[in-house]
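Novice: Sequence and predicted structure, then a few things I'm wondering about:
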Amino acid sequence: IHTKEVHLKWSIHNNWRSMLNMEKQESRRRSLDRKKRKAKADASSNCNNGVQFALPSESNFVFAVLLASLCGFHDQPISQQPLIKNCLNKLCLCLKQNLPINPILSLLPTLLGSKCAGIASRAAEIVGKASLLSLEMNEQIAKDGETLKTLVSALANRKRRVSLAACNSVLDLCTTSIGRQSLLDFSALEALIVGFLQVTKSSRTTVSLYSVSVYDESVTCLDMGFREDELPVLLLNVAINLINTCNIQQLVKIPRDASEALLNLLNKLWAQVCCQIGFHIPMKCSEEGHFNVSDIKIKDLAESIFRLSTNVDQLFTPLKLEVVKGSIFGCIDSGFEDFILHQWEALPCLVRRLSGASFERDDIFSLFLQSLNSTQTYPSFLSSMLGTMVSCPPIASDEFDILGFLKEARCTLGCPLIYGDDIRVLRTERHSNSEKHFFHFASDSKSSRVLNIDDTLKCEEAYKEGYTVALRGMEFRFAHIAAIADGLASLFGQPSVGANMYLTPQNSQGLACHSDDHCVFVCQLFGTKQWKVFSQPNVQLPRLYDPLNSLHSEADSSEAGYQLFSLREGDILYIPRGFPHEAYTHSGGDSAGFSLHITLGIEVEPPFEWEGFVHLALSVWNTRHEQPCYASDFSSGIFWDISMVLLHLAIGLIGNSDPTFRKACLVAANSASSNSNDWIALNQRTIFCSLIDKINTELKFLEALRSLEVAIEKNEDPLDRIKWLWSFNLGDESIDGHSWNRPLVETKNLCKSLIQYKCEVEALFIKVKSRFCCEVSFEDVKPSYMMLLEKYRKVRKQYMNGMISLHCGS
């Protein structure tokens with residue numbers, strides 16, 4: 001590799017800076033003019049402050065001549081063309097002087113629909129300039145249905161000059177949210193997609209990263225240039241602009257064929273972007289002049305791909321539940337039922353394959369293993385794998401709207417791997433039992449932890465020095481892993497399953513002894529690894545997102561309380577949450593020369609613990625059952641609200657002490673067998689009844705009251721732990737004008753009433769608790785539980801689709 005090329009590669013990845021296409025001044029001029037006109041429009045809008053000025057005499061004259069010319073255009077089209085064009089040129093001068101042209105806007109539909117390319121293109125240019133004149137003018141044009149209709153039709157005009165002008169005009173109109181929404185209402189996006197697909201059908205679109213723009217203090221991105229003429233670049237630019245404005249309903253309205261065809265093309269462009277970032281395709285400075293500059297940034301392209309992917313049913317082929325269940329539990333003597341009844345969240349267990357050949361042929365990981373195709377001393381797949389990966393921004397556990405996630409994460413979509421969030425490279429020092437990281441960063445900000453190409457290449461060096469490479473979110477990067485995770489989630493009735501990959505060299509230990517807040521299935525793919533799983537130090541299962549204390553000392557001091565497992569290729573080890581464990585490799589005797597395993601983590605979100613099911617049961621019961629007659633007056637209604645708050649708090653207190661409340665609820669578990677479903681349903685119904693009995697006998701009013709008072713004193717929301725319940729729309733929870741789902745300020749006001757009427761509230765608390773325990777039905781709660789689970793699953797599958805699309809090369 002020449003020194004110049006190496007320097008160029010290094011500079012792009014470390015600084016995300018590339019000053020290509022500097023010679024394409026003409027293409028950039030239009031973008032700069034648009035920004036200048038927009039700045040002028042904003043200034044004009046501020047100065048005018050919405051005041052309407054009288055139409056200047058010159059504009060009056062132009063309007064009169066233009067109107068007369070159009071009246072005679074039908075009879076003498078050729079002779080009237082020069083006069084009309086001259087009038088349109090005069091209008092452009094008026095726009096440059098910020099003179100209002102309101103009456104002339106009524107003529108735009110006729111002008112845009114002209115068969116004369118010169119007139120139609122000039123009219124489109126006037127629409128674009130006028131839309132940048134002021135916010136008021138932009139809104140006026142956006143609300144003119146006839147103008148928008150003819151403008152959208154002009155996008156498909158066979159005369160290139162007209163379609164190019166119309167596209168520029170639409171891009172100018174897109175500078176406001178009103179303009180974008182109006183264009184979406186008039187099907188502009190569909191026209192843009194169809195137009196882009198048509199003009200790129202006969203050519204291969206090539207993308208090049210050419211310049212840098214900082215749009216957020218923590219993230220840097222690159223603009224893109226396309227080896228196409230100006231029209232397809234503009235069409236794609238506007239299409240991406242509108243796609244990133246769409247809500248879910250508008251995305252669904254895009255014709256499926258057009259949406260999938262565009263997504264396929266964007267995925268190909270995205271692969272080129274990833275390859276250039278990963279330097280699989282070296283950039284040549286001599287090619288700069290052949291590219292058309294666009295305003296499309298990497299994050300914009302990534303967001304469009306993500307959004308279009310949410311409208312796809314599935315980007316991976318689902319696995320049959322029988323296949324997933326048989327692959328993991330088929331070798332356990334009593335099968336899945338025995339596992340649930342005896343090992344699940346209680347004891348570690350091992351499933352061992354009898355034949356390596358059958359493992360390679362029939363295992364659910366076989367397709368993933370074939371894609372790796374590496375048995376060398378150093379796994380060569382690692383460098384190429386890391387080179388095409390991007391960061392997977394975390395999605396909030398209680399996020400029910402995928403667009404809400406995009407609003408928060410759009411600035412990091414398409415960003416390279418972030419250390420700590422996506423990847424870790426570490427080893428455990430045996431003498432100190434402490435973890436040592438290979439990479440060290442100046443600060444903890446995301447921008448400083450972004451891995452460049454040099455960092456990814458250093459992972460080989462780290463591996464040879466005994467470091468483990470740990471990759472998170474494998475279910476978002478490989479369709480084969482996504483299918484396994486999705487099947488396992490359905491089997492256990494949970495919203496999702498996470499997958500992490502660990503590559504460890506010989507005679508090494510990656511992570512130090514630790515415990516997880518989720519159950520894991522350790523799937524050994526290559527090599528061998530030794531596992532030491534310690535006894536559970538606490539009868540209480542750890543909760544997801546609760547801080548985990550270091551368990552090193554407890555594990556070291558209980559050498560007699562552990563089990564040893566030696567995993568070979570094809571073995572699967574189950575480790576329940578809360579069990580401390582560590583793993584290490586030995587040297588020699590291993591044909592692969594390294595250990596590669598994937599952990600499938602079943603993360604039990606708060607709503608899907610048994611405590612969550614009981615909270616949901618109380619909410620459903622409160623919604624469906626009327627308050628008693630003594631709650632008809634205003635004060636008694638408030639007492640009812642207070643009682644409901646106290647009941648939720650009391651249930652939470654029991655959940656802190658009773659292990660069963662923390663266990664995973666398997667009401668939605670599906671084992672793909674009707675007989676198994678019967679025993680699972682019976683088992684879950686039995687657990688629910690026992691929990692209701694505990695609530696009836698163990699709920700204490702004074703303990704719940706004290707918990708409420710402490711929260712109020714700390715200015716905390718006492719019901720923050722079940723905030724997911726407020727996000728889940730169960731319908732109208734208001735009864736007689738009162739709602740127990742109140743903000744913190746109203747809860748404080750309720751407490752004032754509680755102090756004055758403590759005895760009355762306690763009596764009502766006991767009655768409400770007794771009535772709830774007598775009337776609540778497992779069958780009444782299950783449909784709402786399934787609805788809640790489906791809302792979680794829907795958003796997570798949308799997220800999974802989006803991220804898999806951004807890893808289209810995996």
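Specialist: Great, that's in hand.
Novice: chain center to stretch 597-615: distance?
Specialist: Distance, stretch centre to chain centre, for stretch 597-615: 20 Å (C-alpha atoms, centre = their mean, to the nearest Å).
Novice: Need the mean per-residue confidence for that stretch.
Specialist: For stretch 597-615, mean pLDDT rounds to 96.
Novice: and what of stretch 186-195?
Specialist: Averaging pLDDT along stretch 186-195 yields 94.
Novice: next one: stretch 91-106
Specialist: Averaging pLDDT along stretch 91-106 yields 66.
Novice: Same question for stretch 794-809.
Specialist: Per-residue scores along stretch 794-809 average to 90.
Novice: Show me how far that stretch is from its chain's centre.
Specialist: 8 Å.
Novice: Now do the buried residues in that stretch.
Specialist: Under the neighbour-count criterion of 16 or more other C-beta atoms under 10 Å, stretch 794-809 has 795-809 buried. All C-beta atoms are positioned from the backbone trio N, CA, C, and that covers glycine.
Novice: ditto for stretch 326-343
Specialist: Within stretch 326-343, the residues that qualify as buried by neighbour count (16+ other C-beta under 10 Å) are 326, 327, 328, 329, 332, 335, 336, 337, 339, 340.
Novice: repeat for stretch 501-516
Specialist: Result for stretch 501-516 [16+ other C-beta under 10 Å]: buried residues 501-506, 508-513, 515-516.
Novice: Among the residues you listed, which pair sits farthest apart?
Specialist: Distance extremes for the buried residues of stretch 501-516: the farthest pair is 506 and 515 at 26.0 Å, using C-beta to C-beta.
Novice: just to revisit the earlier point, could I get the buried residues of stretch 501-516 in CSV, plus columns for distance to residue 309 and secondary structure?
Specialist: Below are the buried residues of stretch 501-516 laid out as CSV (distance: C-beta to C-beta, whole Å; DSSP: H, G, I helix; E, B strand; the rest coil):
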residue, distance to residue 309, secondary structure
501, 22, strand
502, 28, strand
503, 28, strand
504, 33, strand
505, 36, strand
506, 40, coil
508, 38, coil
509, 38, coil
510, 33, coil
511, 32, coil
512, 37, coil
513, 39, coil
515, 35, coil
516, 30, coil
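Novice: closest to residue 461 among these?
Specialist: Closest approach between the buried residues of stretch 501-516 and residue 461, by C-beta to C-beta: residue 505, at 11.6 Å.
Novice: tell me the contacts of that closest one?
Specialist: For residue 505, the contact set (C-beta atoms under 8 Å, 6 or more residues apart in numbering) comprises 463, 464, 466, 467, 468, 585, 594, 595.
Novice: Just the ones in helices from those residues, please.
Specialist: Members of these lying in helices (criterion: DSSP state H): 463, 464.
Novice: among the contacts of residue 505, which are in strands?
Specialist: Members of the contacts of residue 505 lying in strands (criterion: DSSP state E): 468, 594, 595.
Novice: Strands along the stretch 601-750 of the chain, start to end?
Specialist: Secondary structure of the stretch 601-750 of the chain by DSSP state E, counting those that start in this stretch: no strands are present.
Novice: which stretches of it form helices?
Specialist: Using DSSP state H, counting those that start in this stretch, the helices assigned to the stretch 601-750 of the chain run over residues 610-624, 634-657, 659-662, 674-698, 701-713, 723-727, 744-756.
Novice: tell me the most buried of these?
Specialist: For the helices of the stretch 601-750 of the chain, the largest average neighbour count (mean count of other C-beta atoms under 10 Å) is found in helix 610-624, namely a mean of 22.
Novice: May I have that one exported as CSV, CA atoms only?
Specialist: The C-alpha trace of helix 610-624 is given here as CSV (Å, rounded to 0.1, in the frame of the first residue of the first chain):
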residue,chain,number,x,y,z
TRP,A,610,-44.8,-12.2,38.5
GLU,A,611,-44.9,-8.9,40.4
GLY,A,612,-45.6,-7.1,37.1
PHE,A,613,-48.4,-9.6,36.3
VAL,A,614,-50.0,-8.9,39.7
HIS,A,615,-49.7,-5.1,39.2
LEU,A,616,-51.4,-5.5,35.9
ALA,A,617,-54.1,-7.7,37.5
LEU,A,618,-54.9,-4.9,40.0
SER,A,619,-55.0,-2.3,37.2
VAL,A,620,-57.3,-4.5,35.1
TRP,A,621,-59.6,-5.2,38.0
ASN,A,622,-59.8,-1.5,39.0
THR,A,623,-60.7,-0.7,35.4
ARG,A,624,-63.4,-3.3,34.9
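Novice: centre of the chain versus that helix, how much separation?
Specialist: The answer for helix 610-624 is 29 Å, by C-alpha atoms, centre = their mean.
Novice: Show me what that helix is packed up against.
Specialist: Other helices and strands packing on helix 610-624, by 3 or more C-beta pairs under 8 Å, 6 or more residues apart in numbering; DSSP states H and E, are helix 634-657, helix 659-662, helix 674-698, helix 723-727, helix 758-775, helix 778-806.
Novice: who wins for proximity to residue 196 among those?
Specialist: Residue 196 sits nearest to helix 778-806 of all the helices and strands packed on helix 610-624, at 18.0 Å, using C-beta to C-beta.
Novice: Point out the other helices and strands that that closest one packs with.
Specialist: Checking 3+ C-beta pairs under 8 Å, 6+ apart, helix 778-806 ends up next to helix 256-277, helix 298-310, helix 402-409, helix 479-492, helix 610-624, helix 674-698.
Novice: Could you list the low-pLDDT ranges of the stretch 101-250 of the chain?
Specialist: By pLDDT under 70, the low-scoring segments of the stretch 101-250 of the chain are 101-102, 202-204, 208-228.
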